[in-house]
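Peer 1: make a model of this:
(one chain, ligands or ions: 2)
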Amino acid sequence: MTIKIYNTLTREKEDFKPIEDRKVRMYVCGPTVYNYIHIGNARPAIVFDTVRRYLEYRDYEVTYVLNFTDVDDKIIKAANDMSEDVKVVADRFIKAYMEDVEALGVKKATYHPRVTETIDDIITFIEGLIEKEFAYEVDGDVYFKPRAFEDYGKLSHQSIDELRAGARIQVGEKKNDPLDFALWKKAKANEVAWDSPWGKGRPGWHIECSTMAKKYLGETIDIHAGGQDLSFPHHENEIAQSEAKTGKTFANYWMHNGYININNEKMSKSLGNFVLTRELLQKHDPRVIRFFMLSVHYRHPINFSEELLNGAKNSFERIQTTYFNLEHRKQTSMNLTQDNEQWLQKIDEFNHQFTNVMDDDFNTANAISVLFDVTKTANLYLEEAQTSSEVLESFQTTIETILHVLGISLEKETDLLDEDIEALIVERNEARKNRNFERADEIRDLLKDKNIILEDTPQGVRWKRG
Ligand SMILES: Nc1ncnc2c1ncn2[C@@H]1O[C@H](COP(=O)(O)OP(=O)(O)OP(=O)(O)O)[C@@H](O)[C@H]1O
Ligand SMILES: [Zn+2]
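Peer 2: Ligands and ions are numbered 1, 2, ... in the order given. Reported below is the predicted structural model:
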């Protein structure tokens, strides 16, 4: 089967055909680093990391670029408010971003370029656009003319006249047409600035991504991605700049993730209705946060609530418990061969199902359903009087593989979380009450393996790490 990607450009699911065989060039718009990220900002980081992981799982070599917007109005304002240097503020929040997303299992990009390190390339890019008469300078500012670019509006499916109706020239703007947007902004007094052919200034927002994508990935790339709010005007403008400059298609597939909402309203810094990723990470296992994010298809909205997160926690724990039960059972299993085929065949079907649902526009929600089916079937197998290590291992490999593609690791035996241990103790007590001594012993041995010592006290069972 081929991978299908929903392309915002055509509004259709299309077969994925990379420019170069087995290679993928992928660009994801990164954060503006003036604050800690909220979990809405964490969503594109997680979903596109998962897209990358899946492409790698399907044997593509992915070159992945995620930029940092480390100079813009918001950062300058934040730096002024804190009486700090723009660079100090940007560095602090780049570091914080990397810590947060790393905790969430996001792999480092192949390249993490910053605007402030790409200024020369940006200037060259803008010069090219002026030369081709897609852009013009007015008193130290440079603007791009969407009207000069025939296909303007193709990504957001709007005509230039529809767009014109909504556009206004703001006070102080020197552009000729309300649709024109800034490529270069003349520096205001005491603002961080770079020399350019148009005097001191800094780049506009959209030009940075066109420049960085070209610099690190080439003139035509395979996948360009970001949050849904970026499709217009940011990505529309990126297309106009890049295609005006090169005369070639900029990106073949445009992917956009849906919002994380709070009470059905987009989570955003400006509305103040946000949950910081750092704060959530203090209260929850990062793997549960990631599992929760991926339990909804990336294009659908997620209405965030603690209840949903707790639901994800229970689901994830069920999977983990099965995995550890499989692990433990290996000690008492044999090299049986009878009935193996039948179970191995089922497992094989699950592997196929996983690929099928992920091939269908990276449907992680369905991938998680497959994972539940694997778990349920594994639990049935664990009820068999005799089990074979081959089948147990095969179940484990499937669980591990799916979770690995989703960017979720299974905790090794020794790093069991306190709450996992407590849940196992409760289960053991229940088992004893129900005279299911076999299960009770199994749990005792499982904990012993993990170096957890149980003590029966008059107040109940106490535990400590050995
Ligand atoms: N509520 C949300 N749900 C999903 N993605 C979001 C949400 N808010 C922002 N994003 C995405 O996060 C990424 C980083 O965005 P950026 O740093 O520009 O934040 P932002 O869009 O300015 O956030 P805010 O709207 O809170 O100011 C972008 O891809 C953006 O589309
Ligand atoms: Zn961008």
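
Peer 1: how far away is the residue in the stretch 201-350 of the chain that ligand 1 sits nearest to from residue 12?
Peer 2: Using Cβ to the nearest ligand atom, the closest approach of the stretch 201-350 of the chain to ligand 1 is made by residue 227 at 1.8 Å. Where you see a C-beta, it was placed from the backbone N, CA and C, and this is true even at glycine. Separation of residue 227 from residue 12 (Cβ to Cβ, to the nearest Å): 21 Å.

Peer 1: more neighbours: which of the two?
Peer 2: Ranked by neighbour count (other Cβ atoms under 10 Å), residue 227 and residue 12 place residue 227 first, with 21 against 10.

Peer 1: list the contacts of the more buried one.
Peer 2: 29, 40, 43-44, 256-257, 259 (Cβ atoms under 8 Å, 6 or more residues apart in numbering).

Peer 1: what bridges to it?
Peer 2: Per DSSP bridges, the residues bridged to residue 227 are residue 257.

Peer 1: per-residue confidence for the spatially most central residue of the chain?
Peer 2: By Cα atoms, centre = their mean, the mean C-alpha position of the chain lies nearest to residue 46, the distance being 1.8 Å. As predicted, residue 46 sits at a pLDDT of 98.

Peer 1: what's the nearest residue in space to it that is not next to it in sequence sitting at in phi/psi?
Peer 2: Residue nearest to residue 46 in three dimensions, not counting chain neighbours: residue 293, with 5.0 Å by Cβ to Cβ, 6 or more residues apart in numbering. Main-chain torsions, residue 293, degrees, to the nearest 10: phi -60, psi -40.

Peer 1: any idea how many residues pack against residue 293?
Peer 2: Residue 293: 26 neighbours (other Cβ under 10 Å).

Peer 1: need the pLDDT of it.
Peer 2: Listed pLDDT for residue 293 reads 98.

Peer 1: correct me, but it touches residue 45?
Peer 2: No. Look at residue 293 against residue 45 with Cβ atoms under 8 Å: they stay out of range, at 9.5 Å.

Peer 1: near ligand 1, which residues of the stretch 151-300 of the chain? Just list them.
Peer 2: Residues of the stretch 151-300 of the chain lying close to ligand 1 by Cβ under 6 Å from any ligand atom are 226-227, 229-230, 257, 259-260, 266-270.

Peer 1: tell me the helix or strand right after the longest helix along the chain.
Peer 2: In the chain, with assignment by DSSP state H, the single longest helix is helix 306-329. Sequence-wise, the next helix or strand downstream of helix 306-329 (DSSP states H and E) is helix 340-359.

Peer 1: all strands for the stretch 1-150 of the chain, in order.
Peer 2: Along the stretch 1-150 of the chain, the stretches classed as strands by DSSP state E, counting those that start in this stretch are 4-7, 12-15, 23-28, 61-66, 135-138, 141-144.

Peer 1: I'd like those strands written out as a markdown table, with mean pLDDT and distance to ligand 2 added.
Peer 2: Output for the strands of the stretch 1-150 of the chain, formatted as a markdown table (pLDDT from 0 to 100; distance: least, Cβ to the ion, whole Å):
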| stretch | mean pLDDT | distance to ligand 2 |
| --- | --- | --- |
| strand 4-7 | 98 | 17 |
| strand 12-15 | 98 | 22 |
| strand 23-28 | 98 | 8 |
| strand 61-66 | 98 | 10 |
| strand 135-138 | 98 | 18 |
| strand 141-144 | 98 | 15 |
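
Peer 1: for the one residue in the stretch 351-466 of the chain that gets nearest to ligand 2, what are phi and psi?
Peer 2: The stretch 351-466 of the chain approaches ligand 2 most closely through residue 362 (20.3 Å), counting by Cβ to the ion. Dihedral pair for residue 362: phi 50, psi 50, per degrees, to the nearest 10.

Peer 1: how far away is the nearest residue to it once chain neighbours are set aside from residue 329?
Peer 2: Distance criterion Cβ to Cβ, 6+ apart; nearest residue to residue 362, sequence neighbours excluded, is residue 51 at 5.4 Å. From residue 51 across to residue 329, the span is 35 Å (Cβ to Cβ).

Peer 1: more crowded one of the two?
Peer 2: Ranked by neighbour count (other Cβ under 10 Å), residue 51 and residue 329 place residue 51 first, with 26 against 20.

Peer 1: which ones are touching the more buried one?
Peer 2: Residue 51 sits next to 26, 223, 225, 255, 298, 362 when contact means Cβ under 8 Å, 6+ apart.

Peer 1: again, only using 10 Å
Peer 2: Residue 51 makes contact with 3, 5, 24, 26, 28, 62, 64, 223, 225, 255, 257, 298, 358, 361-362, 364, according to Cβ atoms under 10 Å, 6 or more residues apart in numbering.

Peer 1: same deal with residue 351?
Peer 2: Going by Cβ under 10 Å, 6+ apart, residue 351 touches 370, 374, 394, 397-398, 401-402.

Peer 1: can you redo these as a markdown table with pLDDT, distance to residue 288 and neighbour count?
Peer 2: Listed next are those as a markdown table, based on pLDDT from 0 to 100; distance: Cβ to Cβ, whole Å; neighbours: other Cβ atoms under 10 Å:
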| residue | pLDDT | distance to residue 288 | neighbour count |
| --- | --- | --- | --- |
| 370 | 98 | 19 | 22 |
| 374 | 98 | 19 | 25 |
| 394 | 97 | 26 | 22 |
| 397 | 97 | 23 | 12 |
| 398 | 98 | 21 | 21 |
| 401 | 97 | 20 | 13 |
| 402 | 98 | 16 | 22 |
